[in-house]
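Visitor: coordinates for the following, if possible.
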Amino acid sequence: MINRTTKETTATIAETNHGLIEKNGDRTGIPIIFVHQHYSYYLDYTLRQAVHSNPDSPIHLIGDPENDQFPFVIHHNISDFLNEETDRFKSVYQHHSPNHYDYEYFCFIRWYLVKELMLREGYTQVFVADSDVMIYTDITEYINQTSLNNHLAAFNLGVDYQWVRSASGHSSYWTWDGICQFCELEIDLYTEPRFISFMDQIRAEKIIKNDRAGISDMTALYVFYEEKNAQIRNLSECTDGSAFDHNISMATNYNLDEYEFGLGRKKIVIKNGYPVARNRFLKKDIRLHTLHFQGNSKNIIHRYYTGGGMIRSRTFRELRFQASVLYHMVR
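Guide: Numbering: from 1, shown residues only. Take a look at the predicted model:
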């Protein structure tokens with residue numbers, strides 16, 4: 001295991017940039033990182049979609065031998081990225097979630113894996129996407145046009161984030177300083193008295209509300225946002241006619257019931273290769289940079305793929321989906 005601490009600086013990263021450019025050829029755009037355990041069929045769509053919309057960016061998958069089957073991305077084994085920081089977090093982590101320990105623990109650990117990848121590859125900024133997120137926008141262009149790199153980080157929050165005590169990193173932007181500070185905070189949540197007290201308060205609130213979400217890395221992201229508010233951009237909010245999707249299966253993005261909704265998902269139309277949804281409050285169409293296919297919505301992810309090829313796979317997935325719908329109709 002490699003000994004890395006959060007005290008390493010941006011200067012340390014810069015020293016390896018020359019080797020990074022050599023390794024990735026001319027792909028000098030903002031790196032995009034996916035983290036996923038095992039193989040899932042929808043990886044074929046999300047990874048290909050990212051390559052299609054971001055041809056100048058290196059696309060990384062931090063995974064395992066089961067999903068080392070996509071030659072068009074840069075694959076890494078999770079086991080190779082574990083280090084003293086992940087050991088340290090494991091030693092202090094306390095499980096308070098209805099989800100299985102291994103699942104929730106890994107959700108926390110993945111951010112240390114992202115940090116380790118940034119350090120090894122010399123990245124000062126990255127975009128991280130959950131493995132069920134489809135990316136339609138050139139992330140490098142977006143970051144340059146919106147000056148996102150003036151922030152520590154960016155991720156998704158709804159208008160009710162203080163009530164639910166939760167934020168989501170399914171589509172997130174990180175600088176080196178941002179990921180270092182967040183990884184420090186994850187440990188502080190379980191070791192620093194003021195954070196321990198705050199977490200106890202959140203846990204008590206969730207019990208009273210009968211909130212089955214429990215404590216997760218989404219809680220940590222919420223606390224990080226509260227700590228660094230002005231330095232973090234909310235990707236759920238509509239800015240200049242566009243936003244990042246919080247969840248395709250919800251009308252809510254930032255505001256409650258914000259987008260037109262039907263058949264269990266946002267009403268999405270693909271225009272010129274980009275998903276567009278009608279914002280009910282602004283009374284206009286909004287371009288979505290990503291779509292998040294959480295839960296059962298993965299069954300229709302093939303319908304929203306805008307890259308080339310995949311005809312047989314998409315046909316198979318559609319026939320399978322239609323058969324499933326028919327089965328549940330006649331049950």
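
Visitor: could you use CA atoms for every contact and neighbour count after this?
Guide: Fine.

Visitor: quick one, phi psi at Ala153?
Guide: phi -160, psi 170 (degrees, to the nearest 10).

Visitor: now the nearest residue to it once chain neighbours are set aside: which helix or strand?
Guide: In space, and not counting its chain neighbours, Ala153 is closest to Trp174: 4.5 Å by CA to CA, 6 or more residues apart in numbering. For Trp174, the element it lies in under DSSP states H and E is strand 168-175.

Visitor: what's that strand in contact with?
Guide: Outside strand 168-175, the residues within contact range by CA atoms under 8 Å, 6 or more residues apart in numbering are 124-130, 133, 149, 151-157, 218, 221, 235, 244, 290, 292.

Visitor: stretch 262-276 too?
Guide: 136-137, 248-251, 259-261, 277-278, 285-291, 304, 306.

Visitor: change it to 6 Å
Guide: Residues from elsewhere that reach stretch 262-276, judged by CA atoms under 6 Å, 6 or more residues apart in numbering: 248-251, 260-261, 277, 286-288.

Visitor: filter these down to just the buried residues.
Guide: Among the contacts of stretch 262-276, the ones that count as buried by 16 or more other CA atoms under 10 Å are 248-251, 260-261, 277, 286-288.

Visitor: follow-up on the earlier one: filter the contacts of strand 168-175 down to the buried ones and hand me the PyMOL line.
Guide: Per 16+ other CA under 10 Å, the buried members of these correspond to this PyMOL selection:
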select buried, resi 124+125+126+127+128+129+130+133+149+151+152+153+154+155+156+157+218+221+235+244+290+292
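
Visitor: restricted to helices, list the contacts of strand 168-175.
Guide: Among the contacts of strand 168-175, the members found in helices (DSSP state H) are 218, 221.

Visitor: and the nearest residue in space to Lys284 that is not next to it in sequence, what does it touch?
Guide: Leaving aside its chain neighbours, Lys284 sits nearest to Arg278 (5.7 Å; criterion: CA to CA, 6+ apart). Arg278 sits next to 259-260, 284-285 when contact means CA under 6 Å, 6+ apart.

Visitor: what about Arg278, distance to Thr46?
Guide: 24 Å (CA to CA, to the nearest Å).

Visitor: swap in Leu291?
Guide: From Leu291 to Thr46 the distance is 10 Å (CA to CA).

Visitor: mutual contacts of the two, please.
Guide: In contact with both Leu291 and Thr46: Met134, using CA under 6 Å, 6+ apart.

Visitor: now stretch 97-105: buried residues?
Guide: So stretch 97-105, judged by 16+ other CA under 10 Å, has buried residues 97, 104-105.
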